[in-house]
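Undergrad: With the input below, show me the fold.
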Amino acid sequence: MDDQLNAILNNVSKHIALTQAEKDIFTGMLQTKHLKRKQHWLATGDICRHSAYVTAGCLRGYTVDSNGYEHVLSFAPPDWWMADMYSLLTNQPGHLNIEALEDTEMLLLPKSSQEELYKLVPKFERVFRILAEKSLVAYQQRLIDNLSLPAAERYDRFCRRYPTLIYHLPQKQIASYIGVTPEFFSKMRKAM
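TA: Numbers count the residues shown, from 1 in each chain. This is a model prediction of the structure:
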């Protein structure tokens, strides 16, 4: 647990400086969660009540269309945050499935505790504002990329965004993320 707490405190310290008392308040609000490979943390229709910080393993966020095809929206390797933001912010059933791609350890911050954290340590609003801004920028850029870039360039951007995952993920997950079939992805990689 100490390694997990050090990791999340290092992540937060990129944006704010904390006193020991503030660190204690924050870490006292966190819950540990372990997922086995292929275990879901959230499924479509669940209400997301936590933000998750990944300390080991990897999560993927995806949706399933009316034809049963999975569309990967994001990955969360270690030192990344993940949540179904729509559900977390609106308290409505979500649209995102969040699954562990391997055995995964994470720290959960309940939404209710996050609101309390803002009152007790107001500078945490800066941390979560920055995380939300970065997420918004990434999703907007991804949408523009998917609408305007060929598959090879989308793959190149994936490699730059998730350098630790290139050789770690199954090809079908990467193909889904960049919006191509696994067969097309395999041919494209051979051609590259």
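
Undergrad: and the closest residue to residue 121 other than its chain neighbours, backbone torsions?
TA: Nearest non-adjacent residue to residue 121, counting by C-beta to C-beta, 6 or more residues apart in numbering: residue 22, 4.8 Å away. The way it works is simple: take the backbone N, C-alpha and C, and place the C-beta from them, glycine included. When read as degrees, to the nearest 10, the backbone of residue 22 gives phi -70, psi -40.

Undergrad: Report pLDDT for residue 22.
TA: Looking at residue 22, its pLDDT is 97.

Undergrad: Look up the residues forming beta bridges with the residue nearest to the spatial centre of the chain.
TA: Geometric centre of the chain, nearest residue: residue 82, 3.1 Å, by C-alpha atoms, centre = their mean. For residue 82, the beta-bridge partners under DSSP bridges are residue 52.

Undergrad: The closest residue to residue 30 other than its chain neighbours: how many residues sit nearby?
TA: Once flanking residues are discounted, residue 30 sits nearest to residue 107: 4.6 Å by C-beta to C-beta, 6+ apart. Counted by other C-beta atoms under 10 Å, the residues lying close to residue 107 total 23.

Undergrad: same check, this time on the one 10 residues further on
TA: Neighbours of residue 117 under the rule other C-beta under 10 Å: 22.

Undergrad: Can you give me every residue that contacts residue 61?
TA: Contacts for residue 61 (C-beta atoms under 8 Å, 6 or more residues apart in numbering) come out as 72-76, 82, 84, 96-98.

Undergrad: So which of those residues belong to strands?
TA: Mapping the contacts of residue 61 onto strands (DSSP state E) picks out 72-76, 82, 97-98.

Undergrad: and of the residues you listed, the nearest to residue 122?
TA: residue 82 (24.4 Å; C-beta to C-beta).

Undergrad: and the gap between the closest one and residue 51?
TA: 8 Å (C-beta to C-beta, to the nearest Å).

Undergrad: Kindly tell me how buried residue 63 is, as a neighbour count.
TA: Residue 63 sits with 14 neighbouring residues when counted by other C-beta under 10 Å.

Undergrad: I figured residue 91 hits residue 47, correct?
TA: Yes: the pair residue 91 / residue 47 is scored as a contact, 6.3 Å apart, by C-beta atoms under 8 Å.

Undergrad: Looking only at neighbour counts, state which of the two leads.
TA: Between residue 91 and residue 47, counted using other C-beta under 10 Å, the more crowded position is residue 47 (14 against 10).

Undergrad: rewinding a little: give the helix, strand or coil label for the residue nearest to residue 30.
TA: strand (DSSP: H, G, I helix; E, B strand; the rest coil).

Undergrad: Would you enumerate the residues in contact with it?
TA: Neighbours of residue 107 in contact, by C-beta under 8 Å, 6+ apart: 4-5, 8, 30-33, 52-53, 55.

Undergrad: who does it bridge with?
TA: According to DSSP bridges, the residues that bridge with residue 107 are residue 32, residue 53.

Undergrad: where are the low-confidence patches of this structure?
TA: Residues of the chain meeting the criterion pLDDT under 70: 1.
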